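Student: coords please:
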Amino acid sequence: MKLDKTPALKPSSSLPSTNSAVVLMVTLNAFSTPMMLSATNVALPAIADKFALTAVMLSWIPMAYLMASAMFILIFGRVADIFGRKHVFLIGTTAVIVSSLFSALSVNAPMLLLGRFLQGFSAAMLYATQMAIVSSVFRPEQRGKAIGLVVSSVYLGLAAGPFLGGMATDWFGWRANFLLHIPLALVVLYIGVTKVPGEWLGEKGKFDTTGAILFGLCIVFLCLGITSVPDWESLPILALFILCLAVFARHVLAVENPIWDIRLFLTNSIFARSCGASLIMYTATYANVVLLSLYLQQVKAFSASEAGLILMIQPISMALLAPVAGRLSDTFEPRLLASAGMVLTMLGLFILSTLTALSPVWLVVFALAMTGFGFSFFSAPNTNAIMGAVDKKDYGSASGAAATTRILGQLASMVLVSFAMSWVLGDRLIDASNLLALEQAIQLSFAIASGICLLGIYLSATRGKLHRPTVTD
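Tutor: As a prediction, this is how the structure comes out:
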């Protein structure tokens, strides 16, 4: 039987084998890509030593990936609606493999930065299609459970990454961290090509080239401007960012098929506030692994393997509770679960902002477990609220918007870290002579992250009640 290929898709549970193959395909990819990301973050101190990087330059290793993902995720979300979500998903999986090999073979810092940018470009195809594919297959009353499985796979990947990355760094060197996920990516390609028939399409329309260019320029100017603070050169760059942002907003409100239809944000309060809360949550938490990897390996002098074991605490907590939170969001109001989760996360981040060289390891473990519990009760219910707040015809746009806010939040998190590093450390290297300044930069990053959670709690708690579909609907 061939899957529905019309824009007005009808999610069905009548194809259990196909649904299972789709879930396996998406969850394996949702596991492997975060595994590579968190493994790479554990290897950052080794990369800094290899290429003699300053703190700001080191922050660009993860930020180049996120900048590319943010620039292209909207483009690929729209392309997937027009040409097919599965096709874009599988092309992205192939591109991630190629770009990872390129990164592993880097011989200098500029080549590694290019490789990271290409990895982010490739991963944008995956981020733009994962939730759209799942939402296209499952009915609304089953969607929360399926989303919970995908989110749980992300967290399992984040949990496995630090451990495997730490072992790989100690045994084989930092290059091995870019290769860990490739076998799973090959399995994903096999499942997608041989076990998942048909295709899922959204509404077709003219591609918004102008909007895509403007949005990309916004991302570039924002990253370059913030990472230049406090130098005076940051002012004209940030001014260009504000100008591009204003022109972009005016453009997308004036065209019929914009690259990012922000009118959905203006007319749908639940969707807008859910995406806003997601933006805040990822801004506050994404850089945890980067910051704590530096703290544990540089300030506390742990090995990469030892640091990786500790960094597993947060994603393991998330992986264990995400499916539970996803199922609960099918029954209970998502905003209540998500708001409570963000409160826990804020408290965990506040504890992390107090860390010093003399802090006991159990305090780090406790804070990571708290942020993990909080994030798990936020993420799946919040994603369910985002997808449940829109009509089926908007699943592709909503999935792209949700992924975009997530990527923008992750990017903002690394921008925050880069700002703190630039403010405290400047152009100094990360070495034994600058450990006190590194400790202060880490404390500042966590303090800002904890503070912005207050805005996220407000957005989450005031989003409104999600409409539950009835038999008549």
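Student: got a list of what Thr462 touches?
Tutor: By C-beta atoms under 8 Å, 6 or more residues apart in numbering, the contact list for Thr462 reads Arg273. Where C-beta positions appear, they are placed from N, C-alpha and C, glycine not excepted.
Student: ditto for Ala30
Tutor: By C-beta under 8 Å, 6+ apart, the neighbours of Ala30 are 130, 150-151, 153-154, 157.
Student: In the chain, where's the longest helix?
Tutor: For the chain, the longest helix by residue count, based on DSSP state H, is helix 140-172.
Student: That one packs against which elements?
Tutor: helix 16-42, helix 130-137, helix 288-294, helix 304-311, helix 313-329, helix 361-388 (3 or more C-beta pairs under 8 Å, 6 or more residues apart in numbering; DSSP states H and E).
Student: Among these, which comes closest to Ala447?
Tutor: helix 288-294 (11.5 Å; C-beta to C-beta).
Student: circling back to that earlier point, run the chain-centre distance for the longest helix of the chain.
Tutor: Taking the mean of its C-alpha atoms, helix 140-172 sits 12 Å from the chain's own mean (C-alpha atoms, centre = their mean, to the nearest Å).
Student: tell me the angle that helix makes with helix 130-137.
Tutor: Relative orientation of helix 140-172 and helix 130-137, computed by axes from the mean of the first three to the mean of the last three C-alpha atoms, to 10 degrees: 150 degrees.
Student: Pull out the buried positions in helix 140-172.
Tutor: Neighbour-count burial for helix 140-172 flags 140, 143-169 (criterion: 16 or more other C-beta atoms under 10 Å).
Student: rewinding a little: dump the helices and strands packed on helix 140-172 into JSON lines; add distance to His181 as well.
Tutor: Output for these, formatted as JSON lines (distance: least, C-beta to C-beta, whole Å):
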{"stretch": "helix 16-42", "distance to His181": "4"}
{"stretch": "helix 130-137", "distance to His181": "15"}
{"stretch": "helix 288-294", "distance to His181": "16"}
{"stretch": "helix 304-311", "distance to His181": "16"}
{"stretch": "helix 313-329", "distance to His181": "15"}
{"stretch": "helix 361-388", "distance to His181": "21"}
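Student: Mean confidence (pLDDT) on the helix or strand hosting Leu347, please.
Tutor: In this structure, Leu347 sits in helix 334-352 according to DSSP states H and E. Across helix 334-352, the average pLDDT comes to 90.
Student: For that helix, name the packing helices and strands.
Tutor: Right, helix 334-352 is packed against helix 269-285, helix 288-294, helix 313-329, helix 361-388, helix 435-461 by 3+ C-beta pairs under 8 Å, 6+ apart.
Student: secondary structure element for Asp427?
Tutor: With DSSP H and E as criterion, Asp427 is part of no helix or strand.
Student: With the flanking residues excluded, which residue is spatially nearest to it?
Tutor: Thr54 (5.3 Å; C-beta to C-beta, 6 or more residues apart in numbering).
Student: since we're on the one you found, how many residues are nearby?
Tutor: By other C-beta atoms under 10 Å, 18 other residues sit near Thr54.
Student: Over to Trp260. Which of the three states is it?
Tutor: Under DSSP: H, G, I helix; E, B strand; the rest coil, Trp260 falls in the coil class.
Student: Could you tell me the per-residue confidence at the closest residue to Val134 other than its chain neighbours?
Tutor: Distances taken as C-beta to C-beta, 6+ apart place Ala146 nearest to Val134, at 5.1 Å, with adjacent residues excluded. We have a pLDDT of 76 for Ala146.
Student: Met35 against Ala160, yeah?
Tutor: Yes: assessed by C-beta atoms under 8 Å, Met35 is found in contact with Ala160 at 5.1 Å.
Student: so where's this protein shaky on pLDDT?
Tutor: For the chain, applying pLDDT under 70 flags the ranges 1-18, 139-144, 198, 200-205, 229-230, 330, 392-397, 399-400, 429-433, 464-473.
Student: Noted, bye for now.
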